[in-house]
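Student: build me a model:
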Amino acid sequence: MNDKKVKLIPYTIQSIVETTNETPEGVELIQAPAIWEDSDYGEGIIVAVIDTGIDTNHQDLKERIIGGRNFTTDYNGDPNQYDDNNGHGTHVSGTIAASLNETGVTGVAPKAQILSLKALTGDGVGNYEWIIEAINYAVEWRGPNNERVRVICMSLGGPQDEPELHQAIKNAVNQDVSVVVAAGNEGDGREDTWEYAYPGAYNEVICVGAVDMELSLAPFSNTNNEVDLVAPGVDVVSTYLDNKYAKLTGTSMAAPHVAGALALIINLSEKEFERPLIESEIFAQLIKRTIPLGYRKSSEGNGFLLLTLPDLIKDEIRVVSILEKN
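Tutor: Sure, this is the predicted structure:
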């Protein structure tokens with residue numbers, strides 16, 4: 001297993017800028033700000049990002065980092081050095097939880113916290129053992145106040161089904177950790193041909209495909225019968241190395257929208273139900289907030305992530321009820 005490699009799912013750098021001040025279009029498109037208050041902005045939820053590390057000094061991220069660990073040979077294998085030397089992990093982390101601080105960008109869940117697990121090198125390459133160790137670490141990790149990871153986000157993949165990786169993911173889900181992964185970028189623009197990447201092809205994960213900001217299916221997005229939903233993945237603005245910001249494209253950018261959304265959904269749903277929810281219940285609450293776009297299920301799964309959908313349906317029912325009474 002050690003000689004088999006797993007890589008970042010390919011992505012495109014559209015642009016890099018020194019400064020910006022915005023709520024990114026993707027965050028607005030899934031209507032995250034509309035439920036921030038009711039979901040406590042994701043506060044108290046820990047998301048483990050298994051990626052290339054994180055820019056620990058970034059102004060939009062430094063307050064969101066609760067800890068981290070390096071599983072790679074980078075930095076001479078120092079487990080306490082998990083700074084990002086690629087840029088991908090920093091971008092993913094910003095989409096999930098960049099702080100609401102009136103500068104830079106804002107994440108989907110701006111008060112959630114990131115556990116940054118560096119399992120890919122600066123070249124965007126790792127081995128399956130590192131990924132498995134990172135997943136197991138995330139599941140077993142406990143914070144200073146006995147916090148635990150509720151969501152794992154992985155925008156990485158390989159062409160091979162690795163039983164040990166699959167088992168680690170099943171173990172995480174069985175311990176009520178939601179595992180969000182990118183579907184992959186091997187798509188050929190056709191809905192009638194299927195492309196698989198692992199771990200995206202495992203049934204236990206939440207597999208995320210990509211759409212653009214006009215809600216059109218991204219032609220590179222993998223299509224197969226394990227896609228669960230789609231989220232913004234084209235021209236996504238987020239945090240980047242050296243306190244900068246970048247616009248990137250790929251299913252790698254779609255997955256963190258869903259990981260951040262889960263932080264909001266967990267808070268919102270557990271407040272409503274007045275009890276902790278298990279992973280399958282959280283998944284049901286996520287899918288309850290998807291709307292079909294008209295593509296095949298193998299392309300869009302249950303549809304596009306729209307966090308306000310239950311409220312919209314409630315309002316529609318209320319209007320219909322009023323009209324019937326009159």
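Student: poorly predicted segments of the stretch 1-150 of the chain, please.
Tutor: Within the stretch 1-150 of the chain, the ranges that satisfy pLDDT under 70 run 1-3.
Student: what about the strands in it?
Tutor: Here the stretch 1-150 of the chain has its strands, by DSSP state E, counting those that start in this stretch, at 5-8, 12-17, 21-22, 46-51, 65-70, 104-105, 113-118, 125-127, 149-154.
Student: adding distance to residue 258 and mean neighbour count, write the ones you listed out as a markdown table.
Tutor: Where C-beta positions appear, they are placed from N, C-alpha and C, glycine not excepted. Formatted as a markdown table, the strands of the stretch 1-150 of the chain follow (distance: least, C-beta to C-beta, whole Å; neighbours: other C-beta atoms under 10 Å):
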| stretch | distance to residue 258 | mean neighbour count |
| --- | --- | --- |
| strand 5-8 | 18 | 20 |
| strand 12-17 | 20 | 13 |
| strand 21-22 | 21 | 12 |
| strand 46-51 | 11 | 30 |
| strand 65-70 | 20 | 20 |
| strand 104-105 | 17 | 24 |
| strand 113-118 | 15 | 28 |
| strand 125-127 | 22 | 21 |
| strand 149-154 | 8 | 28 |
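Student: can you redo those as JSON lines with distance to residue 273?
Tutor: Output for the strands of the stretch 1-150 of the chain, formatted as JSON lines (distance: least, C-beta to C-beta, whole Å):
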{"stretch": "strand 5-8", "distance to residue 273": "36"}
{"stretch": "strand 12-17", "distance to residue 273": "40"}
{"stretch": "strand 21-22", "distance to residue 273": "34"}
{"stretch": "strand 46-51", "distance to residue 273": "20"}
{"stretch": "strand 65-70", "distance to residue 273": "25"}
{"stretch": "strand 104-105", "distance to residue 273": "32"}
{"stretch": "strand 113-118", "distance to residue 273": "23"}
{"stretch": "strand 125-127", "distance to residue 273": "38"}
{"stretch": "strand 149-154", "distance to residue 273": "15"}
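Student: and of the ones you listed, who's closest to residue 170?
Tutor: strand 149-154 (12.6 Å; C-beta to C-beta).
Student: given the helix or strand following that closest one, what are its sheet partners and their directions?
Tutor: Proceeding N to C from strand 149-154, the next assigned helix or strand is strand 156-157, under DSSP states H and E. Strand 156-157 pairs in its sheet with strand 5-8 (antiparallel), by DSSP bridges.
Student: so where do the helices sit in the stretch 201-326 of the chain?
Tutor: 251-273, 279-287, 297-300, 309-325 (DSSP state H, counting those that start in this stretch).
Student: now the stretch 51-200 of the chain
Tutor: If you assign secondary structure with DSSP H, counting those that start in this stretch, the helices in the stretch 51-200 of the chain sit at 88-97, 128-140, 163-174.
Student: where does the stretch 201-326 of the chain have low pLDDT?
Tutor: 317-326.
Student: tell me how many other residues crowd residue 27.
Tutor: 26 (other C-beta atoms under 10 Å).
Student: oh sorry, the question was meant for residue 60
Tutor: Based on other C-beta under 10 Å, the number of other residues close to residue 60 is 26.
Student: go ahead and flag the most central residue of the protein.
Tutor: residue 256 (2.2 Å; C-alpha atoms, centre = their mean).
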